[in-house]
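> would you be able to build a 3D model of this:
(one chain, ligands or ions: 1)
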Amino acid sequence: MHEFLLAERELRRRFAELEKEMWARFAAPDLHPVDLEKIQKMYDEYTMVETFNDAGDKATVITTTVRPSQHLTRARYTLERIDGKLRIKRLEWKCQVCEANGNITLSDGKVRECMVCHGVGWFVAPPPKKE
Ligand SMILES: [Zn+2]
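As a prediction, the model looks like this:
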């Protein structure tokens, strides 16, 4: 199991590297929608085997892990021409609460501004925190 976790960690590391390369290729230099090094650090620090319950032919393992989002969502890209090439300048995620409508219809039929996205319908991916 420990080997699996090491292999999984290596997979995440490689994935993070490839993702970083991809963003460098298509996005404006100052856009980093995900701090991949921070995510990798999170995997390294938090991924661990908590319990290993060996019962002969079977075993139950409980681990702490970092799970990538399993929900399908929509991303909205804003492109900008930089040095003659269209590059991703902004990345937003759809508000799951109002389905990007910006408002919600209540059970009494009244329409209210979405309290989660404040009527925008989309969230800007947060910039990486400088440490
Ligand atoms: Zn919303």
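> could you use CA atoms for every contact and neighbour count after this?
Will do.
> in this protein, spot the helix with the most residues.
Using DSSP state H, we find that the single longest helix of the chain is helix 2-26.
> whichever helix or strand comes after it packs against which elements?
Heading C-terminal from helix 2-26, the first helix or strand you meet, by DSSP states H and E, is helix 36-46. Secondary-structure packing of helix 36-46 (3 or more Cα pairs under 8 Å, 6 or more residues apart in numbering; DSSP states H and E): helix 2-26.
> distance of residue 111 relative to the ion?
Per Cα to the ion, to the nearest Å, residue 111 is found 12 Å from the ion.
> so that residue bridges to which residues?
residue 105 (DSSP bridges).
> that one against residue 105, yeah?
Yes - taking Cα atoms under 8 Å as the definition, residue 111 is a contact partner of residue 105 at 4.4 Å.
> what residues are shared contacts of these two?
Among the neighbours of residue 111, none is also in contact with residue 105 (Cα atoms under 8 Å, 6 or more residues apart in numbering).
> now do the top strand by length along the chain, average pLDDT.
Ranked by residue count and defined by DSSP state E, the top strand of the chain is strand 85-94. Averaging pLDDT along strand 85-94 yields 83.
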